[in-house]
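In: turn this into a model:
(one chain, ligands or ions: 1)
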Amino acid sequence: MKKNNNEKIKKDNFIILLSKEKNFLLKKTKKVVQTSMGFIDIDRIKHYGQKIKSSTGHEFIAARPSFIDILRKCKRGPQIIMPKDAVHIIAVTGLTRGWNCLDAGSGSGFLAVFLGNVVSPGGSVVTYEKEKKFADNVKNNVELCGLGKIVKVINKDAKKFSESEMDLITLDMKYAEKMVKKCWKTLNHGGWLCVYSPHIEQQKEVMKEMKKLDFTQIQTIENIQRSWQVSDFTHPRPSGILHTGFMTFARKI
Ligand SMILES: C[S@@+](CC[C@H](N)C(=O)[O-])C[C@H]1O[C@@H](n2cnc3c(N)ncnc32)[C@H](O)[C@@H]1O
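Out: Predicted coordinates for the structure are as follows:
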């Protein structure tokens, strides 16, 4: 965690206002912002850790936001890979700073920026998106997350990628199975391919292709997460997202 309490907040820095009831993510730009808890004079917030009251008397602490707070503000287009699945890519592959990654399709860019945040500093993510309007949105999301120097967005068919010596390749797109062989050639020895499939039919095709090649540690994982309601009568919440996708991993020998 970076320095927080008493650290001066500069122009354009993000601030998260925390209270028991509500949290708000703001940028130190506008002087006054309207929230559902009243007006807040941002000019009066000088440093992280400072207490600030809204016009209705609601008290907040101004804290430094995390990467996940900012990710929540990113604009969504195509269906995203959620953090609960993205973290599993780290758990299986050991992804860390300095790794070079290739990602396709970018979609809303959520996985690309998630990877970018983990490999920074020193690493890189190249992400391919064939639809211009989605690629433009991903570029905005990359900038919002402050990862412009780490994540490069390419508006092109991913099948035509020309990168080499990758440590990790992530595919979340139709016909990913047709790219398995090219990905194998592109990976470093010990590097990982991860294919995210919303349907089991694609997972089966992908695994069939992986098994033809010199890959090891081939595995498919579905990460099911349940949220619990904790009160006098405690039980798992009856609704929420149960199925997101299958992640199929393979490691180049
Ligand atoms: C489900 S989205 C990916 C979401 C992304 N993983 C995220 O977390 O935001 C799939 C994307 O793949 C793109 N796509 C499909 N085929 C492609 C191809 N051959 N080359 C590049 N992008 C492709 C689609 O346009 C779509 O935006």
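
In: would you mind listing what in this structure touches the ligand?
Out: Taking Cβ under 6 Å from any ligand atom, the part of the chain that reaches the ligand is made up of 78-81, 104-105, 107-111, 128-131, 134, 157-159, 172-174. Glycine gets a C-beta too; all of them are placed from N, C-alpha and C.

In: just the buried residues out of those residues, in ChimeraX syntax.
Out: A single ChimeraX command is used to select the members of those judged buried by 16 or more other Cβ atoms under 10 Å:
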select :78,80,81,104,105,107,108,109,110,111,128,129,130,134,158,172,173
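
In: which of the residues of the chain next to the ligand fall in strands?
Out: 104, 128 (DSSP state E).

In: now, the residues of the chain next to the ligand that are in helices?
Out: Members of the residues of the chain next to the ligand lying in helices (criterion: DSSP state H): 110-111, 134.

In: let's have those residues in a markdown table, adding pLDDT.
Out: A markdown table is the format used below for these (pLDDT from 0 to 100):
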| residue | pLDDT |
| --- | --- |
| Phe110 | 98 |
| Leu111 | 98 |
| Phe134 | 98 |
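
In: pLDDT below threshold where in this structure?
Out: 1-4 (pLDDT under 70).

In: what are the ranges of the helices in it?
Out: According to DSSP H, the chain carries its helices in the segments 67-71, 83-93, 110-119, 132-144, 180-186, 200-211.

In: deepest-packed of the ones you listed, please.
Out: Scoring those by mean neighbour count under mean count of other Cβ atoms under 10 Å gives helix 110-119 as the most buried, with a mean of 26.
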